[in-house]
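Asker: The sequence isn't on hand, but the structure is:
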């Protein structure tokens, strides 16, 4: 199987793909038109990208069966277009969680102690101990966490180690104002922390903002979360509060954030921006970084060696499973529930042409097969086919299937 890796990728990952029997082409600088041409030239079945956008035109340029995002989320891939073409889309959730959580905590500490400003003054040969002795400290303060996915939970673990209290909101618990239960904390891997310092759930992001000293964003970008951190949410933060976003820039109303920095003295740490260069380097002119009390990093939350090695290993696992079994771990675009309404169970002798006969009769009746599975019994004399259909076959169709092939042993049709 031919794999095109169109982004920077660890050597261990390239070697792992080769060891899985793949022919690997690594062209890390492909993007936009050059990626369309690269897919057309190399004709890969599998495409691996990190942040590079994958469009419908790219999906049509070659015989792709699988696109893997070597990272969390799939917002850079046209998933709807892939689904319409029967192309699997997978990602590597959770593998960069620790790296992003470490950066989020690092930004909180930097904001509280104003580390970048202190370093800048030292480099300018200015000593100002009196000014930089002013810091509130994080111990005992309340951290609001938007999102209880893997990154949010890793951030909570580290904030708890600093002695911070936690209040959280997630779409799963939206509208609920209560303490997290022990069972829920155990499911999230936070039970040890929860037993020491119970984690409180807030019903809305605005309610979290009203009751916290620092707010950190760890949500996936979706239609529901775009602009979720609005002027209402930011307006509920107290003057001088800390705000960190290492998720996606589009989750936050950028104009409202700039206003909060100016009007409320909000202190902000960002790893994501609305005006990022398309490549790894380039001109950068997002106006928010010119404001006082705003610190930034270069969208590098996941970019530790540990995280990238873990993501490379997970990418290899996904591709190896696809090569060996046809199954795709972490696939994001398979229907969670089949649209089928009826199940046809066919017990038959394991002979050539039996299933072709069944499918031909269904086709003649205008019935669509949504899913099918055929299991063979020991000795390969008989098999059982489970066929999910978009509607129930009538008695004439069932009779045509049953009577039209001597190898049909039993036939049952039931609603799903």
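Answerer: Arrived safely, thanks for sending. All figures in this text were calculated on a predicted structure; none of them were measured in a lab.

Asker: which residues in the stretch 301-416 of the chain form strands?
Answerer: 342-349, 369-376, 382-389, 408-415 (DSSP state E, counting those that start in this stretch).

Asker: how far does the third one sit from the chain's center?
Answerer: Per CA atoms, centre = their mean, to the nearest Å, the displacement of strand 382-389 from the mean C-alpha position of its chain is 34 Å.

Asker: closest to residue 113 out of the strands of the stretch 301-416 of the chain?
Answerer: Closest approach to residue 113 among these is made by strand 369-376 (56.8 Å; CB to CB). In this view, the C-beta of every residue, glycine as well, is placed from N, C-alpha and C.

Asker: got the strands of the stretch 301-416 of the chain as JSON lines, with distance to residue 5, mean pLDDT and mean neighbour count columns?
Answerer: Formatted as JSON lines, the strands of the stretch 301-416 of the chain follow (distance: least, CB to CB, whole Å; pLDDT from 0 to 100; neighbours: other CB atoms under 10 Å):
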{"stretch": "strand 342-349", "distance to residue 5": "41", "mean pLDDT": "96", "mean neighbour count": "18"}
{"stretch": "strand 369-376", "distance to residue 5": "32", "mean pLDDT": "94", "mean neighbour count": "13"}
{"stretch": "strand 382-389", "distance to residue 5": "36", "mean pLDDT": "96", "mean neighbour count": "18"}
{"stretch": "strand 408-415", "distance to residue 5": "46", "mean pLDDT": "94", "mean neighbour count": "13"}
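
Asker: Let me have those in a markdown table, extended by distance to residue 179.
Answerer: Below are the strands of the stretch 301-416 of the chain laid out as a markdown table (distance: least, CB to CB, whole Å):
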| stretch | distance to residue 179 |
| --- | --- |
| strand 342-349 | 43 |
| strand 369-376 | 42 |
| strand 382-389 | 43 |
| strand 408-415 | 42 |
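
Asker: Of those strands, which is nearest residue 56?
Answerer: Once the strands of the stretch 301-416 of the chain are compared by CB to CB, strand 369-376 is nearest, at 24.2 Å.

Asker: Nearest to residue 360, out of the strands of the stretch 301-416 of the chain?
Answerer: Of all the strands of the stretch 301-416 of the chain, strand 369-376 sits nearest to residue 360, with 11.3 Å by CB to CB.

Asker: The closest one - contacts with which helices or strands?
Answerer: Other helices and strands packing on strand 369-376, by 3 or more CB pairs under 8 Å, 6 or more residues apart in numbering; DSSP states H and E, are helix 354-364, strand 382-389.

Asker: Now with 6 Å, please.
Answerer: Applying 3 or more CB pairs under 6 Å, 6 or more residues apart in numbering; DSSP states H and E, one finds that strand 369-376 contacts strand 382-389.

Asker: re earlier: quick one, which of the strands of the stretch 301-416 of the chain is nearest to residue 80?
Answerer: With CB to CB as the criterion, residue 80 lies closest to strand 369-376 of those, at 19.2 Å.

Asker: and that closest one, which strands flank it?
Answerer: Strand 369-376 pairs in its sheet with strand 382-389 (antiparallel), by DSSP bridges.

Asker: Next, the angle from the partner strand to strand 408-415.
Answerer: Interaxial angle, strand 382-389 versus strand 408-415 (axes from the mean of the first three to the mean of the last three CA atoms, to 10 degrees): 30 degrees.

Asker: And the contacts of strand 382-389?
Answerer: Strand 382-389 has contacts (CB atoms under 6 Å, 6 or more residues apart in numbering) with 338, 340, 342-350, 367, 369-376.

Asker: Repeat that for stretch 80-97.
Answerer: Residues contacting stretch 80-97 (CB under 6 Å, 6+ apart): 56, 59, 64, 66-69, 72, 74, 77, 79, 150-151, 154, 302, 307, 310-311, 314, 318, 328, 330-333.

Asker: how about residue 275, secondary structure?
Answerer: Judged by DSSP: H, G, I helix; E, B strand; the rest coil, the three-state class of residue 275 is coil.

Asker: Do I have it right that it meets residue 286?
Answerer: Yes. Between residue 275 and residue 286 there is a contact under CB atoms under 6 Å: 4.2 Å.

Asker: From residue 204, how far out is residue 176?
Answerer: Here the criterion is CB to CB, to the nearest Å. By it, residue 176 lies 10 Å from residue 204.

Asker: neighbour count winner among these two?
Answerer: Set side by side, residue 176 and residue 204 show more neighbours around residue 204, with 16 against 13, by other CB atoms under 10 Å.

Asker: and the nearest residue to that one once chain neighbours are set aside, what does it touch?
Answerer: Nearest residue to residue 204 in three dimensions, chain neighbours excluded: residue 169, at 6.8 Å (CB to CB, 6 or more residues apart in numbering). Contacts here follow CB under 6 Å, 6+ apart; on that basis residue 169 touches 146, 202, 205, 208.

Asker: swap the cut-off to 7 Å and go again
Answerer: Counting by CB atoms under 7 Å, 6 or more residues apart in numbering, residue 169 makes contact with 146, 201-202, 204-205, 208.

Asker: now do residue 13
Answerer: Contact analysis of residue 13 by CB under 7 Å, 6+ apart lists 312, 315-316.

Asker: Now do stretch 319-334: everything it contacts.
Answerer: By CB under 7 Å, 6+ apart, stretch 319-334 touches 1, 3, 17, 20-22, 46, 66, 68, 74, 79, 82-83, 88-93, 317-318.

Asker: again with stretch 18-35
Answerer: Residues outside stretch 18-35 that contact it (CB under 7 Å, 6+ apart): 1-9, 14, 17, 38, 42, 44, 52, 58, 316, 319-320, 323.

Asker: Please name the nearest non-neighbouring residue to residue 283.
Answerer: residue 277 (6.5 Å).

Asker: Now do the strands in the stretch 51-200 of the chain.
Answerer: Assigned by DSSP E, counting those that start in this stretch, the stretch 51-200 of the chain shows strands spanning 66-69, 88-90, 142-146, 165-169, 178-179, 200-201.

Asker: Sheet partners, orientation included, of the fourth one?
Answerer: Using DSSP bridges, the strands paired with strand 165-169 in its sheet are strand 142-146 (parallel), strand 200-201 (parallel).

Asker: How many neighbouring residues does residue 278 have?
Answerer: By other CB under 10 Å, 10 other residues sit near residue 278.
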